[in-house]
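In: show me the folded form of this:
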Amino acid sequence: MHLRTAGWLLTITVLLLAPGFAASAKEVPPAIQSESQTTGKADKERKSPVIAARVNSQKITTAELDKRVDQIMQRGQQNPAMGPPPDRDELRVHVLNQMIAEKLLLQDAVKKKMDVDSAKIDAEMTLIKGEGRSDAELAEMLKQSGMTPNDLRHVIRSNLTVEAYIDSEVASKVKIDEQQVSDFYEAHPRYFETPEQVHARHILILLKEESTEEEKTAAETRVNDLLARVEKGEDFAQIATDNSEDPGSKFKGGDLGFFPRGMMVPEFEEAAFALEPGRTSKVVKTNYGFHIIRCEEKKEVRKTPLTEVSEKIEHYLRDQEIGRLLDEHIASLRKSANVKVSLPQS
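Out: Predicted coordinates:
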């Protein structure tokens, strides 16, 4: 969970409506006020919050930390592609380090008198509010997250201030030349290869696993009759439209479009890639049933020319270098700061 320019800013944006971050964003002067100015009353109203870390004069409470961790865990549960959830205690350590880094960056930005004008904040507020949503509706939405529109403005100001700071202190120092781009292209050829693909149509006669022998015989007879019609020269697409039992391609004349290896079940893939354009397979049996496959065209393996990907490579290398320098910059800020971590177990 290292901080990267894009990833770090994305994390802030995703957590824009998090009350914990809204509170921390309001702690820094001048437009983002100091902790001593804003939190004294709140400290009196809540009894001795448990401190996870102190960053110079500012604190991170375990309540703020756990809210951030809960949000990350919740996003992971909503997106199975992220894989199994991490160990919570380990995640808390990573998130706390991220929150410390956020404070260090924001504090140094304020020290260097970086700020953003109100017009940019207004534009972000308008973007978040979205079309057709009134100010009252936005306020109600924020209320559900324990925030007010003024809290949101503070968060936006913090985000934009840090973004400007990173651009000035880190990103402006990164230069990627043509040789670096060319070296990366030559060192990673597989990144720029388009795999072999086949454009195929098929006719499917479904066969369920629990089908009786009589049903299997009937399905096989039917698909062989259709194959005979195809081999006599009847239009493959029309036969597919009239007879195929694949709802995804039936009304497209059985058209499956282009696909690379690894997309279809093995028996189907082997038959499709073995065909030459314009040729039709014999009956192919898979766990779905009986297929007749027609190869329309093929695309051989192709390496994308450097001229077509140089800009993407440059952006990638730039992001990687910004991330590396940002990590170093945060480490330097932390070394010279008064950071005390006292993370209790959840």
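
In: show me where pLDDT drops low in this protein?
Out: Within the chain, the segments meeting pLDDT under 70 span 1-48, 344-346.

In: could you tell me the phi and psi values at the residue in it sticking out farthest from the centre?
Out: Taking CA atoms, centre = their mean, the residue of the chain most remote from its mean C-alpha position is K232, at 50.1 Å. For K232, the backbone dihedrals (degrees, to the nearest 10) come out as phi -80, psi -10.

In: same question for R190.
Out: Dihedral angles (degrees, to the nearest 10) for R190: phi -70, psi -30.

In: E64 reaches M99, doesn't it?
Out: Yes - using CB atoms under 8 Å, E64 is in contact with M99, at 7.3 Å. The C-beta positions use only the backbone N, C-alpha and C, and glycine is treated the same way.

In: quick one: which of these two has more around it?
Out: The residue with more neighbours, out of E64 and M99, is E64; 23 against 20, by other CB atoms under 10 Å.

In: the helix or strand encompassing the more buried one packs against which elements?
Out: Here E64, judged by DSSP states H and E, is contained in helix 62-78. With contacts defined as 3 or more CB pairs under 8 Å, 6 or more residues apart in numbering; DSSP states H and E, the packing partners of helix 62-78 are helix 19-25, strand 51-55, helix 88-111.

In: the second one pairs with which strands, parallel or anti?
Out: The one in question is strand 51-55. Strand 51-55 has the following sheet partners, assigned by DSSP bridges: strand 58-61 (antiparallel), strand 339-341 (antiparallel).

In: neighbours of S158, how many?
Out: 26.

In: between the helix or strand where it lies and helix 88-111, how big is the angle?
Out: Of the helices and strands defined by DSSP H and E, S158 is found in helix 149-169. Interaxial angle, helix 149-169 versus helix 88-111 (axes from the mean of the first three to the mean of the last three CA atoms, to 10 degrees): 80 degrees.

In: how far does helix 149-169 sit from its chain's centre?
Out: Taking CA atoms, centre = their mean, to the nearest Å, one finds the center of helix 149-169 at 22 Å from the center of the full chain.

In: what helices or strands is the next helix or strand after that helix leaning on?
Out: The first helix or strand that comes after helix 149-169 along the chain, using DSSP H and E, is helix 178-187. Applying 3+ CB pairs under 8 Å, 6+ apart, one finds that helix 178-187 contacts helix 306-336.
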